[in-house]
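[1] Give me a 3D structure for the following:
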Amino acid sequence: AGIGKPLDYYVLEEDCHYSITWPSKYGCPVDQNSFLFGLSGWGFVTMFTVGVTLYLGVGIGINMSQRGIPFGPEAIPHLEFWQELPVLCSEGFNFAREKVNEAMGNKKSNYERVDGVEYEWG
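    Just a heads-up that it's a prediction; the model follows:
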């Protein structure tokens, strides 16, 4: 910021790579545990990966051992939901976009209100 002088600085030398940390009250504060539930970015990615692995591992194990489903894509837990999810997301996005356009007066909705219920045309 051009005011005062540094309180302290740290230099890390590694294979012709210098990393200098220059703490100053004028810099951005850094809080390592402020991302989500005390996790940094990589902590969140790690926990998400562990969760997905456990979900798939336990779910596939249950489907194979208790339901007799052979190993393969059919053994994925809640397979029907995961197959329908892209279509559901697309329909939800299109519906929201139509409502925003309708609210802004740009386009008439593809939905028609009949007896208080909206039906889609097309």
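[2] CA only for contacts and neighbour counts going forward, please
    Noted.
[3] now the helices: where do they sit in the chain?
    Assigned by DSSP state H, the chain shows helices spanning 41-65, 79-104.
[4] will you turn these into JSON lines that also has mean pLDDT?
    JSON lines is the format used below for those (pLDDT from 0 to 100):
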{"stretch": "helix 41-65", "mean pLDDT": "91"}
{"stretch": "helix 79-104", "mean pLDDT": "92"}
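[5] right, so these: which one is the most enclosed?
    A comparison of the helices of the chain by mean neighbour count, using mean count of other C-alpha atoms under 10 Å, puts helix 41-65 on top with a mean of 14.
[6] so who does Pro77 touch?
    Going by C-alpha atoms under 8 Å, 6 or more residues apart in numbering, Pro77 touches Leu56, Gly59, Ile60, Asn63.
[7] where's the closest residue to the second one other than its chain neighbours relative to Gly68, distance?
    Taking C-alpha to C-alpha, 6 or more residues apart in numbering as the measure, Gly59 lies nearest to Pro77, with 5.1 Å between them; neighbours along the chain are not counted. If you measure Pro77 against Gly68 using C-alpha to C-alpha, to the nearest Å, the figure is 13 Å.
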